[in-house]
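S.K.: no letters, just coordinates:
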């Protein structure tokens, strides 16, 4: 996902939802090592998470990698909901897209952070 696009949409995310049913908390470990956390509605699209992480990043294209089970998420999965992807309470790692094309791997592909999905 391209950071310029994500950063602009990140500002439009609005207020963080209150903890409760239908809401999950996600933690992200950014490529620079910072850890951040935010709540999202389980029915929110993965695009919202990309936008949030992109707004915090350094301008580099990136993918997100879940900690367990280890899966790589790229733009192809951006319209799927967090619930449908099983991302409740997950830690996601920002993996910079070394190719710079934003293509990455699809949501079903396995991969290691820093590896090639």
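M.R.: Structure's in. What do you need? All of these numbers come straight from a predicted model, not from anything done at the bench.
S.K.: part of a helix, is residue 25?
M.R.: No - assessed with DSSP: H, G, I helix; E, B strand; the rest coil, residue 25 is strand; it does not lie in a helix.
S.K.: partner residues bridging it?
M.R.: Counting by DSSP bridges, residue 25 is bridged to residue 39.
S.K.: need the contact list for it.
M.R.: Contacts of residue 25 were listed using CB atoms under 8 Å, 6 or more residues apart in numbering, and they are 19, 37-40, 89. Using the backbone N, CA and C atoms, a C-beta is placed for each residue, glycine as well.
S.K.: so it versus residue 15, what's the distance?
M.R.: Using CB to CB, to the nearest Å, one gets 15 Å for the distance from residue 25 to residue 15.
S.K.: quick check, nearest of the contacts of residue 25 to residue 53?
M.R.: residue 38 (9.4 Å; CB to CB).
S.K.: residue 53 is in contact with the closest one, correct?
M.R.: No - using CB atoms under 8 Å, residue 38 is not in contact with residue 53, being 9.4 Å away.
S.K.: which of these two has more neighbours?
M.R.: Using other CB atoms under 10 Å, the more surrounded residue of residue 38 and residue 53 is residue 53, with 26 against 17.
S.K.: tell me which element the more buried one falls in.
M.R.: Assessed by DSSP states H and E, residue 53 sits inside helix 46-56.
S.K.: assumed residue 65 was part of a helix.
M.R.: No - counting by three-state DSSP, residue 65 falls outside a helix, being strand.
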